[in-house]
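Q: Build me a structure from this.
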Amino acid sequence: MRSRPNVLGGLGGFAWLLVVLVPVYYIVVTSLRRQRGFFDANPLSPPTDPTFDNYKLVLENDFPRYLLNSVVVTAGTVVVTVAVSLMAAYYVVRSRTRFAGLTYSTFLLGLAIPLQATIIPIYYLITRAHLYDSLLAIILPSVAFAIPLSVVILANFLRDVPNELFESMRVDGAGHWRMLGSLVLPLVKPAVVTVAVYDGLNVWNGFLFPLILTQSADQRVLPMALWAFQGQFRVNIPAVLAAVILSTLPVLALYVLGRRYLVTGLTAGFGK
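A: You can find the predicted model right below:
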């Protein structure tokens, strides 16, 4: 028998599509408007005289430097987080000692600690280490807060790897490092990509650490730059939204590259 079409579900999906697309459409068309007469125009109508001057204005105000700072902070955080979390997850899953279980419980406890509650101790440690107002001051605490969830996702995914594969490699004389690189890493690739994309998005959009731990303009990342642009460009909303679009392009590219593994990795990380 042919199933009846889900009309209500289709209407709900179409309504949700509008909710998502209308703000994106508004941001794009507004970034192409001229500042003169902006408040008099219909906000949803296409611009009659589109221009890329807003993008030019943003790029001429040190936007490439802020973009580079964000790339350095995000890439540094993701690389360190993935490397440390993968080794920690391998130890937690493959080790049968009591200390391994205690280590995993410690990572789970880290999920319950809110970032905002630790900002004063983090500020004190960063200043005492003479790292204040540097990109490293953002990277180190970002790594610390990204590791617990990353270990949980990778460990739960790693538990699905058959034990016979590890035993076969051990019989062939493979050590832990070889098993980690030749067996674990290829098999948990979806979880690794998930962790990289998820942590990358959080760090890219992070605002609290850059706000508290940096001060000078040459150490700004994109969230701080967008905040500064609101005052720098006064009420030039098209220029601010042009900066928003430019800042989201790298994140969009990262999501497009990792979308194949994102759902699979998150399902493995939260399904147990």
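Q: Stretch 122-141 spans what distance, first to last residue?
A: 7 Å (Cα to Cα, to the nearest Å).
Q: buried set for that stretch?
A: 122-123, 126, 131-132, 134-135, 137-141 (16 or more other Cβ atoms under 10 Å). C-beta here means a position set from N, CA and C on the backbone, and glycine is covered the same way.
Q: Can you give the contact residues for it?
A: Here stretch 122-141 makes contact (Cβ atoms under 8 Å, 6 or more residues apart in numbering) with 69, 72-73, 76-77, 80, 206, 209-210, 212-216, 219, 221.
Q: try 6 Å
A: 72-73, 76-77, 209-210, 212-216, 219 (Cβ atoms under 6 Å, 6 or more residues apart in numbering).
Q: With stretch 201-209 instead?
A: Applying Cβ under 6 Å, 6+ apart, the contact partners of stretch 201-209 are 74, 77, 138, 141-142, 223, 251.
Q: hmm, back to that, tell me the two of the buried residues of stretch 122-141 that are most distant?
A: Maximum pairwise distance among the buried residues of stretch 122-141 (Cβ to Cβ): 16.0 Å, between Tyr123 and Leu135.
Q: which residues in this structure form helices?
A: Using DSSP state H, the helices of the chain run over 7-31, 53-59, 63-94, 98-110, 119-128, 135-158, 163-171, 176-179, 185-187, 189-204, 208-213, 222-232, 237-270.
Q: for the ones you listed, which one sits closest to Pro47?
A: helix 7-31 (6.1 Å).
Q: Select only the buried ones of the contacts of stretch 122-141 in PyMOL?
A: Buried residues within those, by 16+ other Cβ under 10 Å, are selected in PyMOL with:
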select buried, resi 73+76+77+209+210+212+213+214+219
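Q: Please tabulate the contacts of stretch 122-141 in JSON lines, including the columns distance to Val184 and pLDDT.
A: Formatted as JSON lines, those follow (distance: Cβ to Cβ, whole Å; pLDDT from 0 to 100):
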{"residue": "Val72", "distance to Val184": "28", "pLDDT": "95"}
{"residue": "Val73", "distance to Val184": "27", "pLDDT": "95"}
{"residue": "Gly76", "distance to Val184": "23", "pLDDT": "95"}
{"residue": "Thr77", "distance to Val184": "22", "pLDDT": "96"}
{"residue": "Phe209", "distance to Val184": "31", "pLDDT": "93"}
{"residue": "Pro210", "distance to Val184": "34", "pLDDT": "92"}
{"residue": "Ile212", "distance to Val184": "36", "pLDDT": "92"}
{"residue": "Leu213", "distance to Val184": "34", "pLDDT": "93"}
{"residue": "Thr214", "distance to Val184": "36", "pLDDT": "91"}
{"residue": "Gln215", "distance to Val184": "41", "pLDDT": "88"}
{"residue": "Ser216", "distance to Val184": "41", "pLDDT": "88"}
{"residue": "Gln219", "distance to Val184": "36", "pLDDT": "90"}
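Q: can I get the contacts of stretch 122-141 in a markdown table with distance to Leu108?
A: A markdown table is the format used below for the contacts of stretch 122-141 (distance: Cβ to Cβ, whole Å):
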| residue | distance to Leu108 |
| --- | --- |
| Val72 | 30 |
| Val73 | 26 |
| Gly76 | 25 |
| Thr77 | 21 |
| Phe209 | 23 |
| Pro210 | 28 |
| Ile212 | 26 |
| Leu213 | 27 |
| Thr214 | 31 |
| Gln215 | 35 |
| Ser216 | 38 |
| Gln219 | 34 |
